[in-house]
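**Q** Quick one: sequence plus predicted model below, questions after.
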Amino acid sequence: MSFIAGEYDVAVIGAGHAGCEAALACARLGCNTVVFVMNMDRIANMPCNPSIGGTAKGHLVREIDALGGQMAIIADKTLIQAKMLNTSKGPAVFSLRSQIDRREYQNEMKLVLEKQENLDIKQNEITEILFDEKAVCGVKTSLNAVYRCKNVIICTGTYLRSRIIIGDVNYEGGPDGEFPARKLSECLVNNGLKLLRFKTGTPARVNKRSINFSVMDEQPGDKRIIPFSFDNDILEIEQVPCWLTYTNEQTHDIIKQNLHRSPLYSGVIEGTGPRYCPSIEDKVVKFPDKIRHHVFIEPMGKNTYEMYLSGMSSSLPEDVQIAMVKTVKGLENIKFNRCAYAIEYDCFDPLQLKPTLEFKDIDGLFSAGQSNGSSGYEEAAAQGLLAGINCALKLSNKEPLVLDRSQSYIGVLIDDLVTKGTNEPYRMMTSRAEYRLVLRQDNADMRLTEIGREVGLVNDEKYKSFCIKKGIVEKEIQRVKKVVLSPSNETNEFLMAHGSTSVKSGVKLEELIKRPELDYFILNELDKDRPDLPYAVQEQVSVFIKYEGYIKKQMMQVEQYKKLENRKLPENLDYSQIDGIRLEARQKLGKIKPVSLGQASRISGVSPADIGVLQIYLEQMRRQKKESYNELQ
């Protein structure tokens, strides 16, 4: 028999990276919030790679921080190695990645949740979401406790009806040997929601004592640690190295000989896996010309001997896993702590969601993270933060927060999911962002802190620091634009020493910065009056001046984009009644219900011609309304 156990504004189901950000955002914005987790010792767990950030993912983490989220702060506190990726390319794709002490990260995030006002944590499985017609009214646990609530945020990660697969062995189970969420899927389907079946996987964990590091390439961290959080200017820690080795033809032969035992190719695995993070057996099959693949040996933390074999994700039987790993240089005497596995799970078709991450047909039901078909801790946390913000705004009867593609990677991520959908676990990449030159990781604070402040998540101290930094950046840009260097011997000798042409007359410092072989940092020696500035300030000044022309050009593109984005579409628009729009486009528009002409233009199957017809129709509607209004006057 069920009983009423409590009453809340918001119930968050799951306390992974999405659930933590969602719960904290709701609580900090004044909502009485409860978060449910299968095991409290798994809050903010990292069941796969013990790292945060990476290409495009680092952008997401810094955007979360700029908006007032938590991930970046905990990452900085628990990192054991930091690296800026893609530094040989342009600053638009620079991406911060840090190895994290996995257990410390969990402990720190758990403590933040425990200390947060307006937030309760409950260890229990949610088996049912309760509805009053098409609106949320509560949740029910496996112990028959009912919690009444106004809104629910689903952050179930890979737990929904999850199944662990290792060779021909498979069983119900969640990540890291946890219990699966068995019953919630049935409730969701019974209430008309469409579920997809996806798959992901993780490599083996091995004992450090059984690794021969002397034959591997050491991968140290950067000398200068760039923090994730804008609250930090400098981080000084003793970094832990990673190591690089490679598979070889012998490794690949063992995999090929045992493909008949691979659940990936025998039909045991039904779910769709991530294209951009394939298993080692998938790499060997799809890239037969490659004689080797990278294997990075990464520490799981400072106080453990467990090491992570990045690049060797697999669902092959355990005996095959051991045999293939032992062929890798430096791993000949390897001892497994935990073997690799694949995991299948249910998730939502994200086309059912609004850009706010609320379901279109169920009032008060939100979803965030891998339950929306994405992959990765960072993608999950970003969605969790936005779902939490919009849940709180909805309860306060305020306008929702929808970040567009020109404002943030978070906007690109959510727009891709709710507009285009996904038929595989979605991963954020810099190539997905059309306006990446203005969506750099270094300027995430300049783009989003004001928004976080307006929402209510950026506190006074953080906002004051931001305002000071913004003023310093603007002042330094103006100063640099006024500096003129004379054609002295010192100037020309310096320029020639750096492979640049000499000057015969006075030259503006900003013109020298824009030369390909020079930049703001290199020219420090010639800039005699340069003030002593924090690195983060110098970085933004350097990028802005050097790429000013390109940035202005991209901002013009953004203005064009916003014209379509600002043309809002009525929620109840009947596309079947608009003559001239093709049948496929009518069906897609009716299903997705885009909020703007811009979103409509990005729907697969909607052509430019369809958008042209829609523009004419909207103009006709506008004129009719105007005429009707004039008649009434």
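**A** Looks like it arrived, so ask away.
**Q** Report all helices and strands that the host helix or strand of R62 contacts.
**A** Element membership of R62 [criterion: DSSP states H and E] is helix 57-67. Judged by 3 or more C-beta pairs under 8 Å, 6 or more residues apart in numbering; DSSP states H and E, the packing partners of helix 57-67 are helix 71-78, strand 95-100, helix 377-395, helix 409-415, helix 444-455. Yep, even glycine has a C-beta here, placed from its N, CA and C like the rest.
**Q** so which of those comes closest to M312?
**A** strand 95-100 (17.0 Å; C-beta to C-beta).
**Q** Count the residues that sit near the closest residue to A135 other than its chain neighbours.
**A** Using C-beta to C-beta, 6 or more residues apart in numbering and skipping residues adjacent in sequence, the residue nearest A135 is D363, 4.0 Å away. Neighbour count of D363, defined by other C-beta atoms under 10 Å: 17.
**Q** Equivalent analysis for the one 4 residues further on, please.
**A** When counting by other C-beta under 10 Å, one arrives at 29 neighbours for S367.
**Q** And for L583?
**A** 9.
**Q** Tell me how far it lies from Q257.
**A** 51 Å (C-beta to C-beta, to the nearest Å).
**Q** How about F359?
**A** 47 Å.
**Q** These two: which is more packed in?
**A** F359 (23 against 12).
**Q** check contacts around the residue nearest to the more buried one when sequence neighbours are not counted.
**A** Distances taken as C-beta to C-beta, 6+ apart place L365 nearest to F359, at 4.6 Å, with adjacent residues excluded. Residues in contact with L365 (C-beta atoms under 8 Å, 6 or more residues apart in numbering) are 129, 136, 151-152, 154, 358-359.
**Q** just I592 next, same as before
**A** Per C-beta under 8 Å, 6+ apart, neighbours of I592: 351, 418-419, 599, 603.
**Q** Equivalent analysis for C155, please.
**A** 12-16, 18-19, 22, 367-369, 371, 380, 384, 387.
**Q** Would you mind naming the residues that bridge with the residue lying closest to N124 once chain neighbours are set aside?
**A** Distances taken as C-beta to C-beta, 6+ apart place T141 nearest to N124, at 4.3 Å, with adjacent residues excluded. Per DSSP bridges, the residues bridged to T141 are I126.
**Q** What's the end-to-end length of stretch 203-215?
**A** Taking C-alpha to C-alpha, to the nearest Å, stretch 203-215 runs 21 Å from one end to the other.
**Q** SS state for I226?
**A** In three-state terms, and counting by DSSP: H, G, I helix; E, B strand; the rest coil, I226 is coil.
**Q** what's the distance between it and V268?
**A** Taken as C-beta to C-beta, the span from I226 to V268 is 43 Å.
**Q** Could you pull up phi and psi at Y246?
**A** Here is the backbone geometry of Y246 (degrees, to the nearest 10): phi -140, psi 150.
**Q** what is the mean pLDDT for stretch 336-344?
**A** Here stretch 336-344 scores 96 as its mean pLDDT.
**Q** again, but for stretch 191-206
**A** 95.
**Q** And stretch 167-187, by the same measure?
**A** pLDDT averaged over stretch 167-187 gives 93.
**Q** If we go by neighbour counts, what in that stretch is buried?
**A** For stretch 167-187, a neighbour-count test (16 or more other C-beta atoms under 10 Å) marks 167, 170, 173-175, 178, 180-181, 183-185, 187 as buried.
**Q** Can you tell me the centre-most residue of this protein?
**A** With distances taken as C-alpha atoms, centre = their mean, E379 lies nearest the centre of the chain, 2.4 Å away.
**Q** Help me confirm that that residue comes into contact with V412.
**A** No. If you go by C-beta atoms under 8 Å, E379 and V412 don't touch, sitting 10.7 Å apart.
**Q** ok, and for the longest helix seen in the chain, which residues are buried?
**A** Criterion DSSP state H: the longest helix present in the chain is helix 608-632. Going by neighbour count (16+ other C-beta under 10 Å), the buried part of helix 608-632 is 610-611, 613-614, 617-618.
**Q** which residues in the stretch 201-350 of the chain form helices?
**A** In the stretch 201-350 of the chain, the helices defined using DSSP state H, counting those that start in this stretch lie at 249-257, 263-266, 280-286, 318-325.
**Q** mean confidence score for the last one?
**A** If you average the pLDDT over helix 318-325, you get 97.
**Q** what helices or strands is that helix leaning on?
**A** Going by 3+ C-beta pairs under 8 Å, 6+ apart, helix 318-325 lies up against helix 249-257, strand 336-338.
**Q** and if you look at the first one?
**A** On a contact count with 3+ C-beta pairs under 8 Å, 6+ apart, helix 249-257 meets helix 280-286, helix 318-325.
**Q** Which of the helices and strands packed on helix 57-67 sits closest to P241?
**A** Nearest of these (C-beta to C-beta): strand 95-100, 9.5 Å.
**Q** Parallel or antiparallel, list what pairs with the closest one.
**A** Strand 95-100 has these strand partners (DSSP bridges): strand 51-53 (antiparallel), strand 79-85 (antiparallel).
**Q** quick one, which of those is packed in tightest?
**A** strand 51-53 (a mean of 28; mean count of other C-beta atoms under 10 Å).
**Q** what separates it from the chain centre, distance-wise?
**A** 10 Å (C-alpha atoms, centre = their mean, to the nearest Å).
**Q** any idea how far the closest residue to L448 other than its chain neighbours is from N118?
**A** Distances taken as C-beta to C-beta, 6+ apart place A66 nearest to L448, at 3.9 Å, with adjacent residues excluded. A66 sits 23 Å away from N118, going by C-beta to C-beta.
**Q** neighbour count winner among those two?
**A** Neighbours around A66 and N118, counted as other C-beta under 10 Å, are more numerous at A66. The numbers are 28 against 18.
**Q** quick revisit: which residue, neighbours along the chain excluded, lies closest to the residue nearest to the centre of the chain?
**A** Per C-beta to C-beta, 6+ apart, closest to E379 is M428, 5.5 Å.
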